[in-house]
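Peer 1: Would you be able to build a 3D model of this:
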Amino acid sequence: MTPLKDNQDVASFLVTKHTTWKGKYKRVFSIGTHGITTYNPDCLEITNRWLYADIFGLVSPKNINTNQNYDFTLLMRKDKKMDSMKFSSEYKSYILTEAFKYRNVFAEKPKEIFRFQAYKHHWSGTRLPIVLEVGPCSLEQLDPSTHTLLATYPYCDIQGILPVRDVPGGFVLAVGGYSRLHMFSNAMDHQVIINKMLECGSLTLNISIKVLSTTITLDDYHYQRFGKYSGDQHQTSLSEFMVHKVNPARYIEPMRRTLCLSDTCLLERDPQTYSVVCLRPLCDVFAIVRDPDHPQKFSIEYLNGQVRTYLAGERDALLASLVDGVRSAGQRDVHVRMSGTPRAYRLGPLHQPVDEETESNHLRLFQNPGRKSRSEVIERFNANVGYSGLIYSVSQDARPLLWLFLTWDLVSPFILLYYHISVLSLRHISKIR
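Peer 2: Predicted structure coming up:
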């Protein structure tokens, strides 16, 4: 088995592996910084791993039907020959999107790179020069000078593409569950960009991106750019805090912003013009990270996996208001952490709860942790089980959990880690009782 030196898993998913001799069985499919690893979901022991330098790609079946749309094949080098392994998952689009972020270090490099000079229409009303790269799984926005990645628009999150009739070469992407609009323009190649996106989405992910027949105007874009949250009822502030946004890819120094809470949304406003720079639904907040070392620093983790970091003089007052607002908006699982959610431990996207089998396996880890440390067992459990508690009926698996928590020696530095990770496990114990 090829060693993956210094590899750190960054995203994991529960998949089904298809073989001719053992049939179908579950595996954890993890995308890492240097390669791909599979694990046995029962004990989380490594079963296979490949360096990206030995991976030729991940492909979807060409002739698909409803049952095959979850299938994908990993192509890799084995004994100097090309080999393949077949998997399936309802989260295929997310798996391939994560894996293709490392496409430039695959054994087979992309034959062509589709980059186009374009403009992004800014919240201030100006047009900013950018570079658009049409990737296998997403449209990527790059800095025109350094080609630093600024933003990614995964094809699986794009609800539709709309032409802009009064802007030459203008088109809008409606992204996310609430149709957030992003507007670009390229007078010469806009149709080439759109066609290439449709081609890549179909070829790599087996998905169809809708190109709507209706057109919009530039004014329509400005009035509706926050989709279903464009109305005043969603943008009227209940409380406001001065913050500095930390984003090294875009700003050398933290950018001053006014962070506003409405009944339904979290807004960033420009303190000079009071224009809305960015808007997020409160129900899309997954967790809040309160930095233990920096007295003003905190981060907000969203259900789509994105993270935004800020500095605030009134940090704790802001976090208290934010937690109340998010819970009032219906997101009962929001919680405050001392470190970021370990995405490598989460077996699926944040916006979907894990299945019953995953929940049961993580309960059984307390009985049989194997080589896993106590802290890792708890971290894995908290990464997969929501803050509000267990979802499925697992009373038989849960009975030993109470005994383990009562008998484990927590009077040590470990108790601090246990407290910092979350009070989730204590909530589970009270439910089990």
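
Peer 1: The stretch 51-200 of the chain: strands as residue ranges?
Peer 2: 55-59, 71-78, 81-88, 114-121, 127-134, 138-142, 149-154, 158-164, 170-175, 180-185 (DSSP state E, counting those that start in this stretch).

Peer 1: Name the residues linked to the nearest residue to residue 4 once chain neighbours are set aside by a beta bridge.
Peer 2: Leaving aside its sequence neighbours, residue 4 sits nearest to residue 35 (C-beta to C-beta, 6 or more residues apart in numbering; 4.5 Å). All C-beta spots, glycine's among them, are computed from the backbone N, C-alpha and C. Judged by DSSP bridges, the bridge partners of residue 35 are residue 51.

Peer 1: Break the protein down into its structural domains.
Peer 2: Listed domain ranges for the chain are 9-105, 114-227, 231-337, 356-432 (source: automatic domain parsing).

Peer 1: Mind putting those domains into CSV with distance to residue 345 and mean neighbour count?
Peer 2: Shown next, in CSV, are the domains of the chain (distance: least, C-beta to C-beta, whole Å; neighbours: other C-beta atoms under 10 Å):
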stretch, distance to residue 345, mean neighbour count
domain 9-105, 7, 17
domain 114-227, 22, 17
domain 231-337, 13, 17
domain 356-432, 4, 16
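
Peer 1: could I get the ones you listed as TSV with distance to residue 2 and mean pLDDT?
Peer 2: As requested, these are arranged in TSV below (distance: least, C-beta to C-beta, whole Å; pLDDT from 0 to 100):
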stretch	distance to residue 2	mean pLDDT
domain 9-105	6	92
domain 114-227	24	95
domain 231-337	28	95
domain 356-432	20	65
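
Peer 1: picking up where we left off before, okay, the strands of the stretch 51-200 of the chain in TSV with distance to residue 300 next?
Peer 2: Compiled in TSV, the strands of the stretch 51-200 of the chain are given as follows (distance: least, C-beta to C-beta, whole Å):
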stretch	distance to residue 300
strand 55-59	31
strand 71-78	32
strand 81-88	32
strand 114-121	23
strand 127-134	24
strand 138-142	21
strand 149-154	17
strand 158-164	23
strand 170-175	18
strand 180-185	16
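
Peer 1: Which stretch among the domains of the chain approaches residue 346 most closely?
Peer 2: When these are compared by C-beta to C-beta, domain 356-432 sits nearest residue 346, at 4.5 Å.

Peer 1: C-terminal to the helix ranked longest in the chain, what's the next element?
Peer 2: Identified as the longest helix of the chain according to DSSP state H is helix 190-205. Tracing the chain C-terminally past helix 190-205 and defining elements by DSSP states H and E, one meets helix 218-224 next.

Peer 1: roughly how far is the next helix-or-strand element following that following helix from the heart of the chain?
Peer 2: Following helix 218-224 in sequence order, the next helix or strand is helix 232-235 (DSSP H and E). From the chain centre to the centre of helix 232-235 is a distance of 26 Å (C-alpha atoms, centre = their mean, to the nearest Å).

Peer 1: Would you report the backbone torsion angles of the residue nearest the centre of the chain?
Peer 2: Nearest to the mean C-alpha position of the chain, by C-alpha atoms, centre = their mean, lies residue 305 at 2.4 Å. Backbone torsions of residue 305, given as degrees, to the nearest 10, read phi 90, psi -10.

Peer 1: What sits closest to it if chain neighbours are left out?
Peer 2: Nearest to residue 305 is residue 350, by C-beta to C-beta, 6+ apart, at 6.1 Å.

Peer 1: try residue 196
Peer 2: That would be residue 134: by C-beta to C-beta, 6+ apart, it lies 4.4 Å from residue 196.

Peer 1: before we move on, what about residue 85?
Peer 2: residue 74 is the one closest to residue 85 (C-beta to C-beta, 6+ apart), at 4.9 Å.

Peer 1: Any idea what that neighbour is bridged to?
Peer 2: residue 58, residue 85.

Peer 1: distance of residue 261 from residue 141?
Peer 2: Distance, residue 261 to residue 141, using C-beta to C-beta, to the nearest Å: 28 Å.

Peer 1: er, residue 7 actually
Peer 2: 28 Å.

Peer 1: next one: residue 159
Peer 2: Residue 159 sits 18 Å away from residue 141 when distances are taken as C-beta to C-beta.

Peer 1: element containing residue 26, please.
Peer 2: Here residue 26 is assigned to strand 23-32, by DSSP H and E.

Peer 1: between that strand and strand 71-78, how big is the angle?
Peer 2: Here the directions of strand 23-32 and strand 71-78 differ by 70 degrees (axes from the mean of the first three to the mean of the last three C-alpha atoms, to 10 degrees).

Peer 1: For the nearest residue to residue 40 once chain neighbours are set aside, give me the backbone phi and psi.
Peer 2: Sequence neighbours aside, residue 47 is the residue nearest to residue 40 in space, at 5.5 Å (criterion: C-beta to C-beta, 6+ apart). Backbone geometry at residue 47, expressed as degrees, to the nearest 10, gives phi -110, psi -30.

Peer 1: show me what contacts residue 47?
Peer 2: 27, 38, 39, 40 (C-beta atoms under 8 Å, 6 or more residues apart in numbering).

Peer 1: tell me the phi and psi of the second one?
Peer 2: It stands for residue 38. The phi/psi pair for residue 38 (degrees, to the nearest 10) is phi -120, psi 150.
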